[in-house]
Each structure stands twice: as C-alpha cells, then as structure tokens.
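>>> model the structure of this input:
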Amino acid sequence: MTGAAPEPVFDAVVHAPQRLQICAMLARGGEVEFGVLREGLDVSDATLSKHLRTLTEAGYVDLRRVQRAKGQARTWVTLTPPGSQALRGHFAFLQSLAP
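Okay, here's the model as predicted:
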C-alpha cells in the first residue's frame with residue numbers, strides 16, 4: 001500500500017468478511033488461483049463464486065480463465081486498481097474507528 005494516505009470510506013462490498021479476506025489475499029499482488037482462495041477461506045466453490053461475482057460486478061477483481069488439457073479450466077483472480085483503492089479506503093475507515 002503505497003502513495004498518499006487513502007480517504008477513509010466504508011465500503012459495503014468489501015466489508016463482508018469473506019470478501020474482505022479475498023481482497024486481503026489478493027492485495028499481496030499477482031494472481032491467485034480459485035482453488036487457493038477456496039482453500040484459504042475454507043468455503044465451497046459456490047460460496048466463493050458468489051463473492052467473486054459481487055467483487056467482479058463492483059470492478060474490484062478480474063477473473064482470467066485458462067483452459068487446460070482434457071477440458072479442465074483454472075480461474076485466476078486479481079485485484080484491480082479500483083479494488084485496491086476500495087480496500088485501502090475501507091481499512092482506513094476501520095482504523096479511524098479505533099481510539
């Protein structure tokens with residue numbers, strides 16, 4: 001997290017606990033494979049897909065599907081610049097609540 005201090009802004013999309021965890025995992029940089037996220041959160045495919053759909057619709061994550069041999073596909077997830085900004089702003093908001 002570099003640059004100027006983010007403006008503290010509550011973000012309902014990021015605030016949901018599992019979406020917050022997803023964004024935090026992605027904030028380390030690079031792409032994270034769907035299965036790694038699923039295992040890290042200890043959730044089902046359906047639950048992770050639902051949260052990723054919400055984050056994608058908000059423009060906070062990008063999904064990249066890679067077709068593999070035998071028809072299998074892997075999905076890679078990245079945090080977008082707006083997603084990173086939203087996460088930093090949400091963290092700043094939460095920190096502003098602390099005494």
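
>>> going forward, measure contacts and count neighbours with C-alpha atoms only.
OK.

>>> chain neighbours aside, what residue packs nearest to residue 74?
residue 66 (5.2 Å; Cα to Cα, 6 or more residues apart in numbering).

>>> and the gap between the one you found and residue 34?
Using Cα to Cα, to the nearest Å, one gets 11 Å for the distance from residue 66 to residue 34.

>>> so what sits against both of these two?
Among the neighbours of residue 66, those also in contact with residue 34 (Cα atoms under 8 Å, 6 or more residues apart in numbering) are 74-76.

>>> what's the neighbour count on residue 74?
In terms of burial, residue 74 registers 12 neighbours under the definition other Cα atoms under 10 Å.

>>> equivalent analysis for residue 49, please.
Around residue 49 sit 14 other residues, with neighbours defined as other Cα under 10 Å.

>>> distance check, it against residue 70.
The value you get for residue 49 to residue 70, if Cα to Cα is used, is 22 Å.

>>> which neighbouring elements make contact with whatever helix or strand residue 94 lives in?
Taking DSSP states H and E as the definition, one finds residue 94 inside helix 81-97. With contacts taken as 3 or more Cα pairs under 8 Å, 6 or more residues apart in numbering; DSSP states H and E, helix 81-97 sits against helix 12-15, helix 17-26.

>>> what pLDDT is listed against the nearest residue to residue 34 once chain neighbours are set aside?
The spatially closest residue to residue 34, leaving aside those adjacent along the chain, is residue 75, at 5.4 Å (Cα to Cα, 6+ apart). You'll see residue 75 listed with a pLDDT of 95.

>>> same question for the one 5 residues further on.
Predicted confidence (pLDDT) at residue 80: the value is 97.

>>> phi, psi of it?
phi -80, psi 160 (degrees, to the nearest 10).

>>> might you report the residue contacts of it?
For residue 80, the residues meeting the contact criterion (Cα under 8 Å, 6+ apart) are 59-62.
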